[in-house]
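Chemist: Predicted model, plus sequence, below.
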Amino acid sequence: MTETTAKTGHPKGLWVLFGTEMWERFNFYGMRALLTLFMVNSLRYLESDSSIFYGGFLALCYLTPMLGGFISDRFLGNRNCIMMGGALMGVGQLFLFFSASVFSGNLEMAKTLMWVGLFIIIFGNGFFKPNISSMVGSLYPKQEKSKLDTAFTIFYMGINLGAFLGQFICPIVGDVKVNGVQDPFAFKWGFLAAALAMFTGTLVFMFLKNKYVVTPEGRPIGGLPKHNTADDFEEGEAQTASFKNTSIYFVSGLFVVLFFVFRYLLVDEFGFSNFEMGTLVKGIIYPFIYSAGIALATLIVSDTSITKIERDRIFVVYIVSFFIIFFWAAFEQAGSSLTFIASNQTDRHFFGWDMPASMVQIFNGLFVVIMAVPFSILWDKLRAAGKEPVSPFKQAVGLFLIALSYFIIAHNVKDLGSSGMLAVKWLILLYLIQTCGELCLSPIGLSLVGKLAPKRFSSLLYGVFFIANAAGYALAGTLGAIMPATGDKFEKATKLGINLQDVLDKKVTLTAEQTALMAKEQIATANPVFAGFEIHNLYEFFMVFVVLCGIAGLILALLSPVLKKMMHGVR
């Protein structure tokens with residue numbers, strides 16, 4: 001056993017990357033737990049607008065890995081991009097800390113600081129995210145690639161250990177109620193805790209990378225691309241990409257056309273209380289994400305050095321990436337609609353403790369930490385018995401499970417009405433089932449890209465995979481915004497002398513003065529509409545996710561035998 005190999009049979013570098021990613025996820029998920037509540041309670045945004053902004057933010061976090069992957073593959077290498085990305089994210093969290101410190105004296109400055117901080121985090125994540133995932137795959141020589149599903153499941157446990165800690169500590173210090181009322185001044189401490197975690201993770205990587213993040217022969221992994229050797233590539237594999245100018249021009253034109261197509265389809269039917277930012281997110285950022293993903297994926301397959309087998313494998317990545325859009329659109333309701341439901345219409349008493357609304361989502365990270373190793377063992381045992389499902393089928397199971405979780409919660413909110421309270425145990429069950437689905441889909445997807453991607457495209461194809469996450473998060477923002485009014489909105493309307501249910505049912509017409517009062521209290525006066533259907537209640541809202549994920553899972557399961565052939569022997 002070499003110095004760089006642990007007793008588990010996995011390289012020690014995996015545990016360095018595990019720790020680095022753990023602190024980064026503490027930072028990201030801790031901030032995510034507070035973000036929409038901070039927007040609503042401190043910066044006075046509407047819940048629907050906050051969902052759109054939240055979706056746009058997350059989407060951009062998973063779009064910029066395309067840029068970070070390209071810069072890494074061509075110029076800076078994995079190591080430098082990880083350190084630069086970590087530093088940027090820590091600085092971005094400090095901007096959120098300052099935003100949460102000044103909002104009471106200067107609301108507009110606070111909003112500006114928040115947006116600057118979020119955009120710094122977006123670019124930092126773009127440099128960090130694809131490169132650390134790519135390095136996990138690079139730790140294993142080609143004869144040990146069969147260990148990648150297990151390695152990425154272990155790595156994924158690090159992700160969710162960090163998520164658990166972030167979603168526990170940041171809400172404790174940042175999501176505080178005084179005499180039952182949300183304290184809008186406490187959020188800054190949660191953002192500061194997230195910043196400190198990110199700087200810690202960056203320092204862990206900086207000091208341990210040279211000793212442990214190396215090949216079995218001791219060569220550094222993830223250095224400058226110009227230092228790559230033939231040993232870093234498969235036999236007969238091209239070492240550089242080759243794009244014709246005509247391909248670049250075509251893809252550029254395709255991007256422009258797609259941008260205006262998506263913009264026309266997406267922006268005109270939506271209105272926003274904060275028009276300028278809402279139009280920016282929905283009318284510019286969302287179309288940019290969708291069109292960039294398709295255009296850049298087209299550019300990769302236009303590379304003249306790609307062989308038929310490589311092209312087939314790349315198309316498997318693309319097809320799987322399309323279907324996981326629906327998974328993340330449903331899964332990422334955790335930070336928006338599910339948090340608002342936890343805050344407004346859930347009895348959060350848990351073993352005698354009134355849990356903060358932002359902390360309910362902690363169970364996802366906790367369940368991943370508990371179940372990651374058992375899932376890893378399950379895949380190993382199935383592989384040894386020759387019964388392991390092909391990776392796309394595992395991901396189809398993940399889609400079925402998230403559809404099941406929403407089917408169960410839909411039937412538990414069906415008879416709540418406007419005053420009933422959902423027991424927190426049902427949200428805990430939802431996160432348990434969704435965690436099982438996540439373990440069937442996300443680490444398996446990361447592993448699949450590591451196995452199928454040609455070396456010269458590894459970080460860039462991780463960027464393509466993450467842009468599917470971006471599209472899913474953008475869709476999550478759109479879907480989160482169609483959540484109908486929940487219990488607290490009805491209570492606020494009653495205090496104003498208005499029966500909100502009658503307003504939504506169009507039985508009464510509000511006066512101009514009443515309309516202004518409802519707007520001031522951030523209460524919508526009409527039911528949301530999706531795909532031409534009016535969403536009247538939480539049951540109909542959750543059934544949207546059941547239908548979308550159930551159909552996507554069924555189609556992917558049926559396609560799995562075809563995708564298996566296109567993988568050309570890769571499991």
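Modeler: It's in.
Chemist: What is the burial count for residue 181?
Modeler: Around residue 181 there are 8 other residues, counting by other CB atoms under 10 Å. Any C-beta I mention is one placed from the backbone N, CA and C, and that applies to glycine too.
Chemist: That one and residue 172, how far apart?
Modeler: When distances are taken as CB to CB, to the nearest Å, residue 181 and residue 172 turn out to be 18 Å apart.
Chemist: Likewise for residue 111?
Modeler: Applying CB to CB, one obtains 26 Å for the distance of residue 111 from residue 172.
Chemist: Of these two, give the one with the bigger neighbour count.
Modeler: Neighbour totals were compared for residue 111 and residue 172, and residue 111 leads with 19 against 16 (other CB under 10 Å).
Chemist: where along the stretch 1-150 of the chain do the helices fall?
Modeler: For the stretch 1-150 of the chain, the helices defined by DSSP state H, counting those that start in this stretch occupy 12-41, 47-61, 64-71, 77-102, 107-138, 148-174.
Chemist: Columns mean pLDDT on top of the ones you listed, output as JSON lines?
Modeler: What follows is these, written out as JSON lines (pLDDT from 0 to 100):
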{"stretch": "helix 12-41", "mean pLDDT": "90"}
{"stretch": "helix 47-61", "mean pLDDT": "84"}
{"stretch": "helix 64-71", "mean pLDDT": "79"}
{"stretch": "helix 77-102", "mean pLDDT": "94"}
{"stretch": "helix 107-138", "mean pLDDT": "88"}
{"stretch": "helix 148-174", "mean pLDDT": "83"}
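Chemist: Residue 326: which of those helices is closest?
Modeler: Go through these one by one with CB to CB and the one that ends up closest to residue 326 is helix 47-61, at 14.1 Å.
Chemist: which residue sits closest to residue 90 in space, ignoring its chain neighbours?
Modeler: Beyond its immediate neighbours in the sequence, the residue positioned closest to residue 90 (CB to CB, 6 or more residues apart in numbering) is residue 198, lying 3.9 Å away.
Chemist: Same check on residue 490?
Modeler: Skipping the residues right next to it in sequence, residue 490 comes nearest to residue 418 by CB to CB, 6+ apart, at 3.9 Å.
Chemist: And the strands in the stretch 151-300 of the chain, which stretches?
Modeler: All strands of the stretch 151-300 of the chain, identified by DSSP state E, counting those that start in this stretch, fall at 177-178, 181-182.
Chemist: winner for burial among the ones you listed?
Modeler: Across these, averaging neighbours per residue (mean count of other CB atoms under 10 Å) puts strand 181-182 on top, at a mean of 13.
Chemist: and that one, which strands flank it?
Modeler: The strands beside strand 181-182 in its sheet (DSSP bridges) come out as strand 177-178 (antiparallel).
Chemist: residues in contact with the partner strand?
Modeler: Contacting residues not belonging to strand 177-178 are listed as 183, 356 [CB atoms under 8 Å, 6 or more residues apart in numbering].
Chemist: returning to what we had before: out of the helices of the stretch 1-150 of the chain, nearest to residue 525?
Modeler: Residue 525 lies closest to helix 47-61 among the helices of the stretch 1-150 of the chain, at 12.1 Å (CB to CB).
Chemist: ok and the closest one relative to helix 107-138, angle-wise?
Modeler: With axes from the mean of the first three to the mean of the last three CA atoms, to 10 degrees as the basis, helix 47-61 and helix 107-138 are set at 40 degrees to each other.
Chemist: Could I get the CA-only coordinates of helix 47-61 as CSV?
Modeler: Coordinates of the C-alpha atoms in helix 47-61 are reproduced here as CSV (Å, rounded to 0.1, in the frame of the first residue of the first chain):
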residue,chain,number,x,y,z
GLU,A,47,-42.4,34.9,-2.1
SER,A,48,-43.1,34.3,-5.8
ASP,A,49,-40.4,36.8,-6.9
SER,A,50,-38.0,35.2,-4.4
SER,A,51,-38.6,31.8,-5.9
ILE,A,52,-37.8,33.2,-9.4
PHE,A,53,-34.6,34.9,-8.1
TYR,A,54,-33.6,31.7,-6.2
GLY,A,55,-34.0,29.6,-9.3
GLY,A,56,-32.1,32.0,-11.4
PHE,A,57,-29.3,32.2,-8.9
LEU,A,58,-29.0,28.4,-8.7
ALA,A,59,-29.2,28.0,-12.4
LEU,A,60,-26.3,30.4,-13.0
CYS,A,61,-24.3,28.6,-10.3
